[in-house]
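**Student:** Fold the following, please.
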Amino acid sequence: MMPFLSKHGRVMDLLPQIILILDDRGRIVDSNRTASETFGLRRGTGAVTDVRTLLAAEEPQEVAQIIGTTAVVDMQEHRFVRSDRVAIDVRFEIKPLPGPKEHLRVFIGQDVTQEKQRDLDLLRFSNVIQHTINPIQITDASGKMVYVNPAFERASGYRREELIGQNPRLLSSGRHDRAFWAGVWSHILAGKVWVGKIENKRKDGTEFFSELVISPIVNPAGTVVGFLGAHRDITEQIILEQQLVRSQRLESIGTLAAGIAHEVGNPLTAISSLVQVLQRTVQDKFATEKLGLISSQINRITKIIRDLVDFSRPSTHVAKPTDLNQVINDALNIVRYGKKVKDITFDLDLDAKLPPIRIVPDQIVQVFINILMNAVDAIDGQAGKINITSRSIDGGIDVNISDTGKGIPPGELEKIFEPFYTTKGVGQGTGLGLWVSYGIVKSFEGDILVESVRGQGSRFIVRLPHR
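**Tutor:** Numbering: from 1, shown residues only. Take a look at the predicted model:
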């Protein structure tokens with residue numbers, strides 16, 4: 001048999017596959033260099049090994065019987081043992097080898113251990129990426145998205161089909177300029193990992209913040225072929241930080257307000273008294289007119305001081321179980337009869353099954369009056385609509401007040417709860433209404449949220465928890 005095979009030996013030795021020549025009893029009568037090195041086979045006359053002895057111990061007996069007979073074996077995959085006793089996965093087939101006398105078969109196999117390990121690693125990686133709570137995106141070298149996991153779909157509000165093939169700038173909030181992104185691209189195209197915080201925008205227009213890690217995907221040649229972006233949603237963390245800063249600011253201003261109210265209030269009272277005396281004694285029309293103007297400005301300053309005092313001084317009112325719908329109606333009844341609301345329609349949709357909530361009614365009614373008055377002012381004497389809804393939520397109640405007014409510019413949304421900040425003209429607002437309202441709601445462990453689109457209106461959400 002060996003002289004027949006020796007004619008082809010050099011060709012067999014050039015092939016990377018495992019090649020064994022088997023007789024009709026399953027004995028190895030020849031092998032190529034790859035097979036000999038893999039299984040430690042001796043080559044030459046008298047070097048005969050049964051192929052079944054190369055099988056791993058866990059392989060079933062039926063496999064040994066098949067490869068040890070004269071049967072033809074189509075492509076299969078089984079475990080074999082190398083010369084160093086390490087098990088490997090071999091994908092192989094056994095075919096008849098044409099010959100004049102002997103019934104020989106050729107075993108052609110491929111060590112697929114590393115291939116299977118890579119597939120297993122890829123499967124594990126895929127499962128981790130697919131089921132992680134962190135949003136993950138993979139882009140090609142040009143920046144087009146080729147994969148997003150379900151967490152990324154949930155975070156962005158887009159479906160996978162809407163994202164694949166798109167550039168991540170689809171989610172841009174516009175907060176980061178071109179210079180910022182040019183720096184990011186320069187960094188990652190150099191094969192370096194970039195870490196930073198970004199602000200994106202969901203499909204519905206709401207903003208969300210991420211801590212982003214962009215890792216270049218590099219092929220064996222060292223070429224960047226794509227990028228993996230791993231996001232950590234820090235929206236709630238950013239909101240909490242903003243609320244903390246705002247609370248600290250309010251606390252500081254509250255202390256300052258108490259001092260201002262005391263220092264300004266006393267001389268203002270004296271001035272007001274003198275003006276009243278003069279108004280009763282002066283008969284000159286010009287002087288009377290100017291005294292009236294002074295009196296109106298004193299009243300305006302007094303209101304500002306009163307608001308400051310109300311905010312800085314702990315409430316003396318007692319919280320009690322209250323029907324929030326009734327408070328909303330009380331506020332609406334005060335606002336709806338003003339001169340500016342004649343062309344405004346109020347749409348009321350209150351949940352009749354709201355549970356009582358423990359609040360100070362007089363304080364919360366002031367909150368709703370302030371928000372409603374701002375909505376009226378935003379419509380600015382035009383025909384418009386104000387919607388008011390109340391809904392029970394998990395742990396509390398949400399009251400939504402939306403208008404069809406001019407809206408709030410994006411750059412001003414973050415400032416509207418700051419003291420003395422107002423978008424109204426000089427003399428038309430003190431800038432304290434929303435600040436005081438925010439402080440009142442916070443004192444009940446609630447929150448005020450605002451959403452607005454310039455030219456389309458605004459929506460305020462007053463969220464009050466059960467206490």
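**Student:** and the residue lying closest to Ile328 once chain neighbours are set aside, what does it touch?
**Tutor:** In space, and not counting its chain neighbours, Ile328 is closest to Phe368: 5.9 Å by Cβ to Cβ, 6 or more residues apart in numbering. In short, each C-beta sits where N, CA and C put it, glycine included. Counting by Cβ atoms under 8 Å, 6 or more residues apart in numbering, Phe368 touches 327-328, 331-332, 399, 401, 462.
**Student:** Report the contact partners of Ile357.
**Tutor:** Applying Cβ under 8 Å, 6+ apart, the residues near Ile357 are 321-322, 324, 396-397, 464, 466-467.
**Student:** do Gly205 as well
**Tutor:** Gly205 neighbours (Cβ under 8 Å, 6+ apart): Val453.
**Student:** and the gap between it and Pro361?
**Tutor:** 35 Å (Cβ to Cβ, to the nearest Å).
**Student:** swap in Asn134?
**Tutor:** Asn134 is 45 Å from Pro361, by Cβ to Cβ.
**Student:** likewise Ala151?
**Tutor:** Applying Cβ to Cβ, the value for Ala151 to Pro361 is 43 Å.
**Student:** What of Val282?
**Tutor:** Relative to Pro361, and taking Cβ to Cβ, Val282 is found at 43 Å.
**Student:** Which of those two has more residues huddled nearby?
**Tutor:** Applying other Cβ atoms under 10 Å to Val282 and Pro361 shows that Pro361 carries more neighbours, namely 16 against 13.
**Student:** Do I have it right that the more buried one meets Thr322?
**Tutor:** Yes: Pro361 is within contact range of Thr322, at 5.1 Å (criterion: Cβ atoms under 8 Å).
**Student:** Just the residues contacting stretch 321-336, thanks.
**Tutor:** In contact with stretch 321-336 (Cβ under 8 Å, 6+ apart) are residues 341, 346, 348, 350-352, 354, 356-359, 361, 364-365, 368-369, 372-373, 376, 388, 390, 397, 399, 464.
**Student:** for this structure, which spans come out with low pLDDT?
**Tutor:** 1-10, 43-48, 70-71, 99-102, 243-263, 304, 306-317, 337-339, 419-432, 467 (pLDDT under 70).
**Student:** Can you pull the domain assignment for it?
**Tutor:** What the record gives for the chain is the domain set 2-115, 132-233, 239-312, 320-465, from automatic domain parsing.
**Student:** winner for burial among these?
**Tutor:** Of all the domains of the chain, domain 320-465 has the most neighbours on average by mean count of other Cβ atoms under 10 Å, namely a mean of 17.
**Student:** How far does it stretch from one end to the other?
**Tutor:** 14 Å (Cα to Cα, to the nearest Å).
**Student:** Phi first, then psi, for Arg175.
**Tutor:** The phi/psi pair for Arg175 (degrees, to the nearest 10) reads phi -80, psi -30.
**Student:** what's the helix or strand for the residue nearest to it when sequence neighbours are not counted?
**Tutor:** Excluding its sequence neighbours, the residue lying closest to Arg175 (Cβ to Cβ, 6+ apart) is Glu199, at 4.5 Å. Using DSSP states H and E, Glu199 sits in strand 194-201.
**Student:** Give me the contact list for that strand.
**Tutor:** With contact meaning Cβ under 8 Å, 6+ apart, strand 194-201 is reached by 156, 171-176, 184, 187-188, 207-214, 234.
**Student:** Could you list which residues are in contact with the closest residue to Arg154 other than its chain neighbours?
**Tutor:** Distance criterion Cβ to Cβ, 6+ apart; nearest residue to Arg154, sequence neighbours excluded, is Pro135 at 7.7 Å. By Cβ under 8 Å, 6+ apart, the contact list for Pro135 reads 148-149, 151-152, 154-156, 210, 230-231, 233.
**Student:** before we move on, the earlier item: strands - which of the contacts of strand 194-201 land there?
**Tutor:** Within the contacts of strand 194-201, residues falling in strands by DSSP state E are 207-214.
**Student:** For Lys203, which non-adjacent residue is closest in space?
**Tutor:** Computed as Cβ to Cβ, 6+ apart, the closest residue to Lys203 that is not its neighbour in sequence is Gly157, at 3.5 Å.
**Student:** hang on, isn't that neighbour packed against Glu207?
**Tutor:** No: between Gly157 and Glu207 there is no contact under Cβ under 8 Å: 11.6 Å.
**Student:** just so I have it, where are all the strands in the stretch 251-400 of the chain?
**Tutor:** Counting by DSSP state E, counting those that start in this stretch, the stretch 251-400 of the chain has strands at residues 320-322, 344-350, 357-359, 384-393, 396-403.
**Student:** Please identify which of those is closest to Ser126.
**Tutor:** Ranking those by proximity to Ser126 (Cβ to Cβ) places strand 384-393 first, at 37.2 Å.
**Student:** roughly how far apart are the closest residue to Ser295 other than its chain neighbours and Ile21?
**Tutor:** Once flanking residues are discounted, Ser295 sits nearest to Val275: 5.3 Å by Cβ to Cβ, 6+ apart. Per Cβ to Cβ, Val275 is found 119 Å from Ile21.
**Student:** Quote the end-to-end distance of stretch 324-344.
**Tutor:** End-to-end distance (Cα to Cα), stretch 324-344: 23 Å.
**Student:** hmm, I was thinking of stretch 151-160
**Tutor:** Start-to-end, stretch 151-160 (Cα to Cα) is 11 Å.
**Student:** re earlier: would you list the contacts of Phe368 in CSV and tack on distance to Ile66?
**Tutor:** CSV is the format used below for the contacts of Phe368 (distance: Cβ to Cβ, whole Å):
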residue, distance to Ile66
Val327, 84
Ile328, 81
Ala331, 86
Leu332, 86
Val399, 76
Ile401, 78
Val462, 76
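**Student:** Widest-spaced pair of these?
**Tutor:** Farthest apart among the contacts of Phe368 by Cβ to Cβ are Leu332 and Val462. That separation is 13.7 Å.
**Student:** ok, Gly157 to Lys201 distance?
**Tutor:** Here the criterion is Cβ to Cβ. By it, Gly157 lies 9 Å from Lys201.
**Student:** wait, what's in contact with Glu58?
**Tutor:** Arg79.
**Student:** Against Leu464, how distant is it?
**Tutor:** Glu58 is 65 Å from Leu464, by Cβ to Cβ.
**Student:** again, but for Leu189
**Tutor:** 51 Å.
**Student:** got it, and Asn200?
**Tutor:** Counting by Cβ to Cβ, the gap from Asn200 to Leu464 is 30 Å.
**Student:** looking at this, Lys116 is in a helix?
**Tutor:** Yes: Lys116: assigned to a helix according to DSSP: H, G, I helix; E, B strand; the rest coil.
**Student:** Please verify my assumption that it contacts Asp89.
**Tutor:** Yes: between Lys116 and Asp89 there is a contact under Cβ under 8 Å: 5.3 Å.
**Student:** Break down the stretch 351-467 of the chain into its helices, ranges please.
**Tutor:** 361-379, 410-413, 433-443 (DSSP state H, counting those that start in this stretch).
**Student:** of all these, which lies closest to Ala64?
**Tutor:** helix 410-413 (74.0 Å).
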